[in-house]
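Trainee: sequence-free structure coming up:
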């Protein structure tokens, strides 16, 4: 949906912009084994040794330039990797490439040569499920310690077996490195996992040449809380909903809950009343404001180096929006407010007072943004520090599957709220903020402007809610007490989270719990582009680049 | 002069020195019967300890340490509105070597366990631990996870537990105040059984798992062994 028209029509798109799976099947005829029907898209089954060729063809000929997620799972008789493909120009064009492998020899060709982002996704699949990827550049564990025994999401894993975790396992990151230049000048610095600049428990293995970063390898998994296992153990109806709050925990809870709600509602075919959608939209945008405020505040912390004005201002403003959210949901951080098919409860009484509070907050946002712009983007020191550092060219951003503010700051006009509308977004007016700077400055500036857009959306929602007829305030549709979707239904749906495209894949197994629950974390994909951002930069600029990516480890590690 | 005589003289001299210092005559303030009974040093030392405890409780340097969701609420506790600094406990230090108190704000997973122990070991004595959130009490909502340590007390001793998921800033402030009270009263950290100690890999019992990892891990490497079956 971007303004510039593609040069020619992609293969598999009808003249009126619909996706034509038959034409795609013709394109892939020599590779295609079978076709599956998933709820969001069709799945093309291909041989495990032709993955790269298939994905290459789909990207070059059919325009599928966004590898959103790689899901790995094991069945009784086989392992399966699913490559969920989308287009940056239109995310409603989806296609799943399904790659089965045998249980005896779970070896599948890697997609990393085609999409950089597949590198980490496949490492995770290897780590948790145990599928091995041929020709993968660096196939080792990513979330669990190197010495872990077994693959915890595979069916034959014994959770009670003892494990040994060494402390010094990453003491010499150089051993695995090949791209470090002349060894005499190279120096290795471990940043983290306990370090104020890493925004949590992230470990950066950096190779330095003097003060410049030659190579950086983020080592994640220090907050891998088995979220996928937890969700697979819980029932659809109520038990899963509290967990999304804890993925992106920077007050972005409702955005995450919505990702689960959207997927499960698609899976079980549940309608959501319009009134509930408006409240969802309003509260989600409040969460986005809170999340972006913290991103901006901690970014300033990284740049200016102390708990100074901007950080404190950001926290003060967060307190205000958290107060509104607390009035609405009863919680400051872990809201657990959405329900499948609606909401937990209606707006707080007295409604007029609540609306007035929200309006006051929305009016207050633009003047605060003025202040932030004065302190940050308008500040010469800040500009000198962040302009033209941490550059992420748009092609690279697409290659790494970047989404959200990170992608939009690289000029990629991609926002699921507009391009794949859900909730009440298609009825509301807002601009998708993009910047062409591709640098740290652009990313900070995109977030600041998105705060303004979110406030705009909230105001429109309040207008709608104020005029909503009293007898039509339906907050919950009829949903069966126990949800049991048909067995082997597969669905992948995403929403625009605070950090980008937050997607969830669910495969039902006929019971009231998901057979496979896979989370597409935007921060996970964005963090992977760190090696592009940091290479050749000075150390402080690398720290700034990390801050501008705005990762949250709960979501990276899940 | 015999040895005994020498000793006797020294003692007598010491006695007289003390008497000389205390002066003659009665002085209510310094020459009380109590002081005579106890001698000089224990009395003053007790007082000094109390004084130190009082000082410690009112000037605590916190370790700047974020793990998970709770660290967001911890930041709010440090920042405006709640402002932990009001209670003399709001100076976050980035290095464990400068910190007195570590707030453990989040889920501890297997990969982070050894590092948490290392960070704790790097803090100078006396040190105190506030565990924040249900995850550090028992593993919280993630207790059944294959990778989650069932509470901070498996790894380090904890003085104060603040439950909640996450606790509100007010709750953390209350927890810190309780810790200060405890320190002022001179109560030391409870010594807990710590099943997961760092040990040298070479010292581990040669069972199947150790044999299997023998090629991957150096004998001198510090390791932590998780026996999931034994943890609560």
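Mentor: Received, thanks. From a predicted model like this one, the values you see are computed outputs, not experimental measurements.
Trainee: pull the contacting residues for the closest residue to residue A:194 other than its chain neighbours.
Mentor: Residue nearest to residue A:194 in three dimensions, not counting chain neighbours: residue B:119, with 5.3 Å by CB to CB, 6 or more residues apart in numbering or on different chains. Any C-beta I mention is one placed from the backbone N, CA and C, and that applies to glycine too. Residue B:119 makes contact with A:194, B:63, B:65, B:96, B:102, according to CB atoms under 8 Å, 6 or more residues apart in numbering or on different chains.
Trainee: in a helix, residue B:119, correct?
Mentor: Yes - if the criterion is DSSP: H, G, I helix; E, B strand; the rest coil, then residue B:119 is within a helix.
Trainee: which residues touch residue A:512?
Mentor: A:235-237, A:482-484.
Trainee: so can I have a markdown table of the contacts of residue B:119 showing secondary structure, pLDDT and distance to residue A:444?
Mentor: Putting these into a markdown table (DSSP: H, G, I helix; E, B strand; the rest coil; pLDDT from 0 to 100; distance: CB to CB, whole Å) gives the following:
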| residue | secondary structure | pLDDT | distance to residue A:444 |
| --- | --- | --- | --- |
| A:194 | coil | 81 | 25 |
| B:63 | strand | 88 | 28 |
| B:65 | coil | 86 | 26 |
| B:96 | helix | 87 | 31 |
| B:102 | strand | 90 | 31 |
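Trainee: pull out the buried residues from these.
Mentor: Among the contacts of residue B:119, those scoring as buried are A:194, B:63, B:65, B:96, B:102 (criterion: 16 or more other CB atoms under 10 Å in any protein chain shown).
Trainee: can you count the residues close to the residue nearest to the fourth one when sequence neighbours are not counted?
Mentor: I take that to be residue B:96. Distances taken as CB to CB, 6+ apart place residue B:122 nearest to residue B:96, at 4.1 Å, with adjacent residues excluded. By the criterion of other CB atoms under 10 Å in any protein chain shown, residue B:122 has 14 neighbours.
Trainee: my guess is residue B:122 meets residue B:102, correct?
Mentor: No - the criterion here is CB atoms under 8 Å, and residue B:122 misses it with residue B:102 at 10.0 Å.
Trainee: in chain B, which spans are strands?
Mentor: B:61-63, B:91-93, B:101-105, B:128-132, B:160-162, B:198-200, B:222-226 (DSSP state E).
Trainee: report how many residues lie close to the residue of chain B found nearest chain A.
Mentor: Closest to chain A within chain B is residue B:145: 3.2 Å, counting by CB to the nearest CB. Residue B:145: 24 surrounding residues under other CB under 10 Å.
Trainee: list the contacts of it.
Mentor: Taking CB under 8 Å, 6+ apart, one finds A:225-226, A:229-230, B:109, B:139 in contact with residue B:145.
Trainee: quick one: residue A:370 and residue A:451, what's the gap?
Mentor: 12 Å (CB to CB, to the nearest Å).
Trainee: kindly report the same for residue B:74.
Mentor: Residue B:74 is 24 Å from residue A:451, by CB to CB.
Trainee: the more surrounded of the two?
Mentor: The neighbour count for residue B:74 versus residue A:451, taken as other CB under 10 Å, is higher for residue B:74 (29 against 26).
Trainee: how about the closest residue to chain B within chain A, what does it touch?
Mentor: Nearest residue of chain A to chain B, counting by CB to the nearest CB: residue A:226, 3.2 Å away. Taking CB under 8 Å, 6+ apart, we find residue A:226 in contact with A:152, B:142, B:144-148.
Trainee: for the residues you listed, pick the one with the most neighbours.
Mentor: residue B:147 leads the contacts of residue A:226 on contacts (other CB under 10 Å) with 28 neighbours.
Trainee: ok, now which ones touch it?
Mentor: Per CB under 8 Å, 6+ apart, neighbours of residue B:147: A:144, A:152, A:224-226, B:109-111.
Trainee: map the structural domains onto the sequence of the chain.
Mentor: Let's take chain A. For chain A, the structural domains run A:1-167, A:227-557, going by automatic domain parsing.
Trainee: wait, I meant chain B there
Mentor: B:56-184, B:197-232.
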